[in-house]
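[1] quick one: sequence plus predicted model below, questions after.
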Amino acid sequence: MIYADETFYKNEYLGIHTPEQLNRILKTASQHIDTLTFNRIVGMGFDNLTPFQQSVIREVCCQMADFMIENKDLIETALSSYSINGVSMNFGDSWNVVTMNGIAMKRSTFELLNQSGLTRKVI
């Protein structure tokens, strides 16, 4: 299921990106949300979430799509770090980016997703 479609992205979220394959990117973002929420949304059904949770999930989907569009080249690289003439760059957790279950996103987006209550791993 796609949690935010192109119409929502443009009209409600007021997204600024208009790539040809926006719906594909939103679908990928939705799949990442499913991974980060341990498929709880799939199990419960999106319509069975509270209005607050639905709002959070749609917002996170759009934010993740923006991040994926803006950082496409970095996300798709197979390198985890590189160094040239003493200058190095690492990919992964930093003060503003977090990688959870192999999915990179802004830390603020992940914290918003946490507010849904669906990201806690049950032991």
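    Yep, it's here.

[2] surely residue 42 meets residue 34?
    Yes. With contact defined as CB atoms under 8 Å, residue 42 reaches residue 34; the gap is 5.8 Å. Any C-beta I mention is one placed from the backbone N, CA and C, and that applies to glycine too.

[3] more neighbours: those two, which one.
    Set side by side, residue 42 and residue 34 show more neighbours around residue 34, with 17 against 12, by other CB atoms under 10 Å.

[4] any idea how far that one lies from residue 2?
    11 Å (CB to CB, to the nearest Å).

[5] how about low-confidence regions in this structure?
    Applying pLDDT under 70 to the chain flags the ranges 76-83, 88-95, 123.

[6] residues near the residue nearest to residue 121 when sequence neighbours are not counted, how many?
    Using CB to CB, 6 or more residues apart in numbering and skipping the chain neighbours, the partner closest in space to residue 121 is residue 38 (6.9 Å). By other CB under 10 Å, the residues close to residue 38 number 15.

[7] which residues touch residue 38?
    Applying CB atoms under 8 Å, 6 or more residues apart in numbering to residue 38 gives the contacts 118, 119, 121, 122.
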